[in-house]
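Asker: Sequence plus the predicted model coming up.
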Amino acid sequence: MRLILIRHGQTQSNVDHLLDTGHPGAPLTDEGLEQAATLVERLSAEPIEVIYSSDLTRARQTAEPLASAKGLRVMEHPGLREIFAGADDMSSDWVPYVSVLDTWHTDPENKLPGGESWPEFQRRFEAAIAEIAATGVEVAALVSHGAALRVWIPFACANTTAGDARHWRLDNTDYVVIEGDAAGWHLVSWADEDMSGVHQPSEAV
């Protein structure tokens with residue numbers, strides 16, 4: 001199975017550097033809507049059979065132009081939401097949040113007050129992935145969120161190591177391609193850089 005994991009388009013929270021992790025979250029800006037529209041051409045060659053998004057507003061809005069172009073409907077899944085920051089949601093100080101995520105490969109139970117631990121995030125995100133994989137489709141596009149994708153993908157893929165993506169760029173509407181199944185995934189590309197033949201992707205992404 002081929003999964004195309006897309007980060008949502010720009011929101012005002014992105015512009016203002018706010019830690020927007022709750023439901024329903026900010027909508028896309030005009031620029032974000034334009035970014036979402038570019039996915040139609042960028043993914044035109046991909047034989048996408050299903051399109052999922054998290055149930056946060058920005059993710060669904062990002063998925064809609066692509067779904068329309070492919071003749072599909074967007075299916076929302078709350079399991080694809082951003083990693084919840086708890087009491088720090090909408091904070092302009094990202095340091096505590098990022099610091100917690102950086103510890104998860106050694107201290108998986110660490111979390112912000114009211115936020116998610118690694119096991120809590122992993123269970124609901126991987127349940128969503130397993131549910132999508134169980135549909136039997138060969139190619140699926142999923143619109144999710146920056147921290148969720150940077151954390152989950154290196155944990156899940158055999159040719160990466162937990163924490164690898166901490167400093168890799170994943171701008172709004174950049175996407176990552178992985179292949180495999182729920183038993184094991186392999187990183188193919190990250191934001192248009194080919195990763196299929198390497199064990200440890202470089203930070204120059």
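Answerer: Looks like it arrived, so ask away. As the structure is a computational prediction, the values presented were derived from the model and not from experiment.
Asker: So what touches the helix or strand Tyr97 falls within?
Answerer: Tyr97 is part of helix 95-103 when elements are defined by DSSP states H and E. Residues outside helix 95-103 that contact it (CB atoms under 8 Å, 6 or more residues apart in numbering): 19, 83, 85, 88, 91, 110-112, 115, 147, 150-151, 163, 166. C-beta: built from backbone N, CA, C; applies to glycine.
Asker: what do you get for stretch 24-41?
Answerer: With CB under 8 Å, 6+ apart as the criterion, stretch 24-41 contacts 6, 8-15, 20, 55-58, 61-66, 69, 82, 172-173, 175.
Asker: Now that stretch: buried residues?
Answerer: The neighbour-count check on stretch 24-41 (16 or more other CB atoms under 10 Å) flags 25-29, 32-33, 35-37, 39 as buried.
Asker: May I see these organised as TSV, with pLDDT added?
Answerer: Converted to TSV, these look like this (pLDDT from 0 to 100):
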residue	pLDDT
Gly25	98
Ala26	98
Pro27	98
Leu28	98
Thr29	98
Gly32	98
Leu33	98
Gln35	98
Ala36	98
Ala37	98
Leu39	98
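Asker: closest to Arg124 among the residues you listed?
Answerer: Among the buried residues of stretch 24-41, Gly25 lies closest to Arg124 (CB to CB), at 16.4 Å.
Asker: and that closest one, which of the three is it?
Answerer: coil (DSSP: H, G, I helix; E, B strand; the rest coil).
Asker: re earlier: among the contacts of stretch 24-41, which are in strands?
Answerer: Those of the contacts of stretch 24-41 mapping onto strands are 6, 175, per DSSP state E.
Asker: Of the contacts of stretch 24-41, grab the buried ones for PyMOL.
Answerer: Here is the PyMOL command that picks out the buried ones among the contacts of stretch 24-41, judged by 16+ other CB under 10 Å:
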select buried, resi 6+8+9+10+11+13+14+20+56+57+58+61+62+63+64+65+66+82+172+173+175
